[in-house]
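Trainee: Quick one, structure for this:
(2 chains)
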Amino acid sequence: MREQYMKQLQEALQHVSPEIEQEILEDFQAHFDMGLEEGKTEDALAEELGDPKELAKQLEEEYGRFEEPAVRDRVADDEAHSGEDGTYFYENTKGEIRVLDLDMVIADIKIVPSKDGVFRARYESSVSESRLNKRIQYSIQVCGNTFVAKEKANNVPHRCWAHLTVEVPGVFFDMDVKAVSGDILATGIDVEKRISMVTVSGDMEIADFSGEQMRCKSVSGDIQCTGGKVVAYSGETVSGDIAVANLECDHLECKSVSGDMKFAMGETQGMSIVVESISGDVDMPCKEKVSGHFGKRKYRSVIGDGKGQGKLKTVSGDITVTE
Amino acid sequence: MNAQLKKGVLELCVLSRISRSDCYGYELTEHVSKEMELATGTLYLILKRLRDEGFVETYLVDGGSGPARKYYHLTESGWQEYRKQYEEYMEFSEAVKRLLGEEKEE
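Mentor: Below is the predicted model:
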């Protein structure tokens, strides 16, 4: 019954984009696994999950129909060129692309505004290695208004490199950028909703950005954000340092384990800041100690008009706030 | 129960459960379906929507002998959204109560 249900679901999801389809199938499989472990029967689980066609219909209503299944594996020939030298170039002059989804491993990513309103993505890698060993694989998909680029890299020696440069026209809707060891450099990006930048060890440097939400996350990479305007900003690292300057936002939340944090508030924003630190130093103007019991110290400070709300948390990193 | 009513409030119920503590998909569906009859599949759609909007984040936890579990966690903006929907719902349900109360008195 489970297999039958999942097959029905997969069929019902054929008009939904492949990413969404995969996400839903994974969730449902996990639900079956869990339910069976708890002693429920496959039939009962299939029934409680609900009619696959109805669910697919709701997804189509919300995310739109994925119109040409054939586009899945190729992009229109006049828009994408893959050079013999391992460069991949994609261009969209129709102004359709509004969502960016990048998933890189070693490639350094650079995002800049497009001067002529044309969306471009250029990927280059040190080809001889990738061709011989097929250790680096780059693929793109264009689904509706979303541009997706994925890089797969296995056991790539350090001398291999890759660069992805994306030119973004006008105001984008959403950006989801991931890199493992590659660095991210972005300037002048305007988004309606959300910018999300995640790396493992790569550094990120983002300047002059605007949107509703900005989220920067890294394990050991350093995060540098300057001159942005968002409603909510969140920065998170384990050992990487966070440096934020001239940021205008209503809600700020930054966490680190051992990474240091530096905030230069600038003239644009007043903030009420709460800082929690276990063993790091805290250097903040007008700081007042809220609590200091064993293990955790908490400080509060009001800077400027104190309109924004900031929360900084660290274990052993040093935190410096300047006006 | 009226499907429209249910739909509007489900997101709020999901946000509320996650706000109390991180939980995985199945845990959440069990929690909600205990109080309300519904196709639990729609809860996964709600979770996906919340994730796309940045209101929840997910992380995997090693399952030991079993499969890895995907946990849901409420983000800072998720908290804002939860508060907003909660207040909206409270206002709404008070208004309805008043309207129903008034009609009864007549």
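
Trainee: Show me where the stretch 101-250 of chain A dips below the pLDDT cut-off.
Mentor: With pLDDT under 70 as the threshold, the stretch 101-250 of chain A has low-confidence stretches at A:127-135.

Trainee: which residues touch the residue in it that chain B sits nearest to?
Mentor: Of all residues in the stretch 101-250 of chain A, the one sitting closest to chain B is A:Ala232 (4.9 Å; C-beta to the nearest C-beta). To be clear about C-beta, it is placed using only N, CA and C from the backbone, and glycine gets the same treatment. Contacts for A:Ala232 (C-beta atoms under 8 Å, 6 or more residues apart in numbering or on different chains) come out as A:Glu212, A:Gln213, A:Met214, A:Cys249, A:Asp250, A:His251, A:Leu252, A:Glu253, B:Glu76, B:Ser77, B:Gln80.

Trainee: Look up phi and psi at the fifth one.
Mentor: It refers to A:Asp250. With angles defined as degrees, to the nearest 10, A:Asp250 sits at phi -90, psi -30.

Trainee: Kindly report the same for the fourth one.
Mentor: Recorded main-chain torsions at A:Cys249 are phi -160, psi 160, according to degrees, to the nearest 10.

Trainee: Next: A:Lys217.
Mentor: Here is the backbone geometry of A:Lys217 (degrees, to the nearest 10): phi -140, psi 140.

Trainee: I'd like to know how many residues surround it.
Mentor: 21 (other C-beta atoms under 10 Å in any protein chain shown).

Trainee: what's near enough to touch it?
Mentor: A:Ser196, A:Met197, A:Val198, A:Thr199, A:Ser234, A:Gly235, A:Glu236, A:Thr237.

Trainee: Just want the most central residue of chain B.
Mentor: B:Val14 (1.6 Å; C-alpha atoms, centre = their mean).

Trainee: Helix, strand or coil: sort out that residue for me.
Mentor: helix (DSSP: H, G, I helix; E, B strand; the rest coil).

Trainee: Could you say which helix or strand holds A:Tyr138?
Mentor: Using DSSP states H and E, the element containing A:Tyr138 is strand A:136-143.

Trainee: which residues does A:Lys53 contact?
Mentor: A:Gln8, A:Ala12.

Trainee: Check the secondary structure at it for me.
Mentor: Three-state call for A:Lys53 (three-state DSSP): helix.

Trainee: how far away is it from A:Gly35?
Mentor: Relative to A:Gly35, A:Lys53 is positioned 21 Å away (C-beta to C-beta, to the nearest Å).

Trainee: And for A:Glu60?
Mentor: A:Glu60 is 26 Å from A:Gly35, by C-beta to C-beta.

Trainee: who has more neighbours, these two?
Mentor: Neighbours per residue (other C-beta under 10 Å) separate A:Glu60 from A:Gly35, with A:Gly35 holding more: 22 against 16.

Trainee: for that one, phi and psi?
Mentor: phi -60, psi -40.

Trainee: in chain B, which spans are strands?
Mentor: For chain B, the strands defined by DSSP state E occupy B:23-24, B:56-61, B:69-74.

Trainee: wait, which of those strands is closest to chain A?
Mentor: strand B:69-74 (6.6 Å).

Trainee: Send over the closest one as CSV, restricted to the C-alpha atoms.
Mentor: Once non-C-alpha atoms are left out, strand B:69-74 reads as follows in CSV (Å, rounded to 0.1, in the frame of the first residue of the first chain):
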residue,chain,number,x,y,z
ARG,B,69,15.0,13.0,11.5
LYS,B,70,14.3,16.4,10.0
TYR,B,71,13.7,18.8,12.8
TYR,B,72,11.9,22.2,12.5
HIS,B,73,13.0,25.3,14.3
LEU,B,74,11.3,28.6,14.5
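
Trainee: Mean confidence (pLDDT) on that strand, please.
Mentor: For strand B:69-74, the mean per-residue pLDDT is 92.

Trainee: Contact residues of chain B facing chain A?
Mentor: B:24-26, B:29, B:33, B:38-42, B:44-45, B:47-49, B:53-54, B:66-67, B:69-70, B:75-77, B:80 (C-beta under 8 Å from any C-beta of the partner chain).

Trainee: circling back to that earlier point, can you tell me which of the contacts of A:Lys217 are in strands?
Mentor: A:Ser196, A:Met197, A:Val198, A:Thr199, A:Ser234, A:Gly235, A:Glu236, A:Thr237.

Trainee: when you check chain B, which of these turn up near it?
Mentor: Answer for those near chain B (C-beta under 8 Å from any C-beta): A:Ser196, A:Ser234.

Trainee: In contact with A:Glu151: list those residues for me.
Mentor: Neighbours of A:Glu151 in contact, by C-beta under 8 Å, 6+ apart: A:Asp103, A:Met104, A:Val105, A:Ile106, A:Ala107, A:Tyr123, A:Ile136, A:Gln137, A:Tyr138, A:Ala162, A:Leu164.

Trainee: Quick check on those: which are buried?
Mentor: Neighbour-count burial (16 or more other C-beta atoms under 10 Å in any protein chain shown) is assigned, among the contacts of A:Glu151, to A:Asp103, A:Met104, A:Val105, A:Ile106, A:Ala107, A:Tyr123, A:Ile136, A:Tyr138, A:Ala162, A:Leu164.

Trainee: which ones among the residues you listed are found in helices?
Mentor: With helices taken from DSSP state H, there is no overlap with the buried ones among the contacts of A:Glu151.

Trainee: Just the pLDDT at residue 50, thanks.
Mentor: You didn't say which chain, so I picked chain A. For A:Gly50, the predicted pLDDT is 90.

Trainee: looking at chain B here, not the other one
Mentor: The model's pLDDT for B:Leu50 equals 92.

Trainee: For chain A, see how far away it is.
Mentor: Distance of B:Leu50 to chain A, given as C-beta to the nearest C-beta, to the nearest Å: 12 Å.

Trainee: for B:Leu28, same thing?
Mentor: B:Leu28 is 10 Å from chain A, by C-beta to the nearest C-beta.

Trainee: which residues sit in contact with that residue?
Mentor: B:Val14, B:Arg17, B:Ile18, B:Leu43, B:Leu47, B:Tyr72.
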